[in-house]
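[1] Mind folding the following:
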Amino acid sequence: MSAASNVDSVLDQQLLLQLGARLRHARVKRGLTTIQLAQQARISRMTLSAVEAGAPSPTMGSYLRVMGVLGVSQDLALVASDTLQGTAAQRTDRKVSSNTVVVPVSTGDARHELQDLQSLMLHEEAVRLLKKKPELIQQALDTLERWRSAGDPHSRFLWDEWSVILHRRAWRRALSLTRRSKELRQASPLATILPVEVRQRVLEQVGQAGQRAATR
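    Below is the predicted model:
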């Protein structure tokens with residue numbers, strides 16, 4: 001797989017994460033609960049949770065139903081139009097209907113999204129390595145024990161959960177896009193088992209993705 005295709009994949013993940021965050025923000029801004037939005041969109045709350053997390057598992061139809069209820073589905077038409085080829089000023093000047101929910105995203109938000117994406121990619125690489133070399137699980141467990149002995153007591157609950165994940169090989173809990181999984185990745189021992197070249201490759205890919213996204 002070429003470097004370019006890897007970066008495209010990173011951009012796809014970043015765009016999904018951003019879309020999910022925007023839809024969640026739009027729901028909250030409209031005063032809708034997850035139950036109400038799921039019912040109106042005719043999807044399950046679990047599917048809605050995945051949509052708002054920017055997960056790739058929900059179908060395109062699920063995303064469209066949520067966008068339709070929130071009144072932002074007209075923005076999707078831009079993807080298939082020539083408007084995207086115009087300048088940023090032209091896009092800003094386009095007429096926005098009264099139903100459109102405008103959700104501004106700051107530079108800090110974008111940086112945070114890239115950090116989340118970088119952490120997720122590092123953990124995907126680590127899990128892939130652990131599946132090939134299960135003996136590295138003990139190395140991660142040893143790291144947890146050292147952290148417990150000298151680390152921040154506030155992270156102990158996360159480390160305890162990591163111990164369960166490693167013993168049960170419950171990798172999905174580490175790779176999910178839920179808030180809890182993001183918290184787990186912030187207190188994760190998995191980065192310690194990755195070779196330097198793998199970490200560097202991921203950092204370069206995310207850095208290139210951020211540069212390309214900034215120019216769009």
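[2] lowest-pLDDT helix or strand in the protein?
    When each helix and strand of the chain is scored by mean pLDDT, DSSP states H and E, helix 88-93 comes last, with a mean of 40.
[3] Tell me which residues of stretch 177-193 come out buried.
    Neighbour-count burial for stretch 177-193, counted by 16 or more other C-beta atoms under 10 Å, picks out 177, 181, 184-185, 187-191, 193. All C-beta atoms are positioned from the backbone trio N, CA, C, and that covers glycine.
[4] Next step: these restricted to helices.
    Under the assignment DSSP state H, these contribute 181, 184-185 to helices.
[5] Any chance of JSON lines for those, columns pLDDT and distance to Arg45?
    Below are these laid out as JSON lines (pLDDT from 0 to 100; distance: C-beta to C-beta, whole Å):
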{"residue": "Ser181", "pLDDT": "89", "distance to Arg45": "18"}
{"residue": "Leu184", "pLDDT": "93", "distance to Arg45": "22"}
{"residue": "Arg185", "pLDDT": "92", "distance to Arg45": "24"}
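[6] can you give me the strands in the chain?
    With strands called from DSSP state E, the chain shows none.
[7] Quick check: can you list the domain ranges of the protein?
    The record's domain parsing of the chain by automatic domain parsing lists 3-81+96-105, 108-214.
[8] Of these, which shows the lowest average pLDDT?
    Lowest mean pLDDT within the domains of the chain: domain 3-81+96-105, at a mean of 76.
[9] which residues does the residue with the largest distance to the centre of the chain contact?
    Ranked by distance from the centre of the chain (C-alpha atoms, centre = their mean), the top residue is Ser149, with 31.6 Å. For Ser149, no contacting residues are found, by C-beta atoms under 8 Å, 6 or more residues apart in numbering.
[10] What of Ile137?
    Applying C-beta under 8 Å, 6+ apart to Ile137 gives the contacts 130, 166, 169.
[11] first vs last residue of stretch 37-49, how far apart are they?
    End-to-end distance of stretch 37-49 (C-alpha to C-alpha, to the nearest Å): 11 Å.
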